[in-house]
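Trainee: sharing a model that was predicted from the sequence below.
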Amino acid sequence: MEVAVKMPITLKERLEMGEELRIPASWEEFLDMLEECEYRIEYDEHEIISFMGYGTQNHEKIIIKLGQLLLNLLNDDEFSVYGSNLALHIPGFTRRYYNGDVTVVQGPSEEVVLRGSMVAVANPVLIVEVLSDSTRNFDLGTKQRNYRKIPSLQQILTIESTEMFVTSCTRDQSTGQWSLKDFTAMDEVIPILGEGSIKMEDLYRKLSF
C-alpha cells in the first residue's frame, strides 16, 4: 500500500524522522498501518499523526502516579481506568482516532468496531493528557475540541510536566457548557467526577522542575 512506503513501520525508522510526522492517508490506510506499526499513531483530518518527543521522567511519573490515584479514588465496581493504548471514538462524519494518556470509563464500555477485532471506546467520562513540548499544541487545541464532542465525557484534565499546573475542563450536566479551572498550588485539590478529589501535592510529589 502506498502509505506504508512513506510511513515507517519500525520504531527505529520512526526515531530518525523528527518529533512530529504527518502523512496524508485514507482511513483504511491508517487501519492497515495501525495493525503493523511498532509505535503509537493517531488519525485526524485525513492524516496519520505521530509525535515522538522525548519522554521525560516527569511525564512518565505523572501518568503512573495519576493512574494510581484514580484507582484509589474511584470505586472499582463502577469505574475502569485505562492507559494510553485505549482507542477513543470521536462521533461525527470525519474519521478520527485518538489515545488519551489516561482514560476512565463508568460502567460497561461501549465499543465501536473499527475493523475486525479492532475497537474504540465511545463512552469515556474522564480523559487525561499529560503535556509535553511536542504534543502540547495538539492536545490543547484540536484534540481537546474534539474530545468535547463525546456525549458521555464529563471531565478533561491537562497536566503540565514541566511546572505545577493542572487545568480541569468540566461539563455542566444540565446545560452542556464547559468550564475551565486551573490548579497551581501544592495545597489545592482537584475534584474528580464528583467522586472525590486528588491532591496536587500527591500528584507532583518528588518531581523536580
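Mentor: Structure's in. What do you need? Residues are numbered from 1 along each chain as shown.
Trainee: what residue ranges in this protein score low on pLDDT?
Mentor: Low-confidence segments of the chain (pLDDT under 70): 1-5, 53-55.
Trainee: any idea which helix or strand comes after the longest helix seen in the chain?
Mentor: Counting by DSSP state H, the longest helix found in the chain is helix 57-73. Downstream of helix 57-73, the first helix or strand assigned by DSSP states H and E is strand 79-82.
Trainee: domain assignment for this protein?
Mentor: 2-51, 57-204 (automatic domain parsing).
Trainee: adding mean neighbour count, write the ones you listed out as CSV.
Mentor: The way it works is simple: take the backbone N, C-alpha and C, and place the C-beta from them, glycine included. Listed next are those as CSV, based on neighbours: other Cβ atoms under 10 Å:
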stretch, mean neighbour count
domain 2-51, 16
domain 57-204, 16
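Trainee: can you pull the contacts of the residue nearest to Ile62 when sequence neighbours are not counted?
Mentor: Distances taken as Cβ to Cβ, 6 or more residues apart in numbering put Val130 closest to Ile62, at 5.0 Å, once the chain neighbours are dropped. Listed by Cβ atoms under 8 Å, 6 or more residues apart in numbering, the contact set of Val130 reads 59, 62-63, 66, 101-102, 158-159, 161.
Trainee: circling back: so which elements touch the longest helix of the chain?
Mentor: Counting contacts by 3 or more Cβ pairs under 8 Å, 6 or more residues apart in numbering; DSSP states H and E, helix 57-73 packs against strand 79-82, strand 102-106, strand 124-131, strand 155-160, strand 197-199, helix 200-204.
Trainee: quick check: which of the ones you listed is nearest to Arg95?
Mentor: Arg95 sits nearest to strand 124-131 of all those, at 18.2 Å, using Cβ to Cβ.
Trainee: what pairs with that closest one, parallel or antiparallel?
Mentor: Strand pairing for strand 124-131, using DSSP bridges, gives strand 102-106 (antiparallel), strand 155-160 (parallel).
Trainee: state the distance from the spatially most central residue of the chain to Pro24.
Mentor: For the chain, Gly100 is the residue whose C-alpha lies nearest the centre (Cα atoms, centre = their mean; 1.3 Å). According to Cβ to Cβ, to the nearest Å, Gly100 stands 24 Å off from Pro24.
Trainee: likewise Leu66?
Mentor: Counting by Cβ to Cβ - Leu66 and Pro24 are separated by 34 Å.
Trainee: equivalent analysis for Lys143, please.
Mentor: 19 Å.
Trainee: surely the residue nearest to the centre of the chain meets Ser84?
Mentor: Yes. If you go by Cβ atoms under 8 Å, Gly100 and Ser84 touch, sitting 6.8 Å apart.
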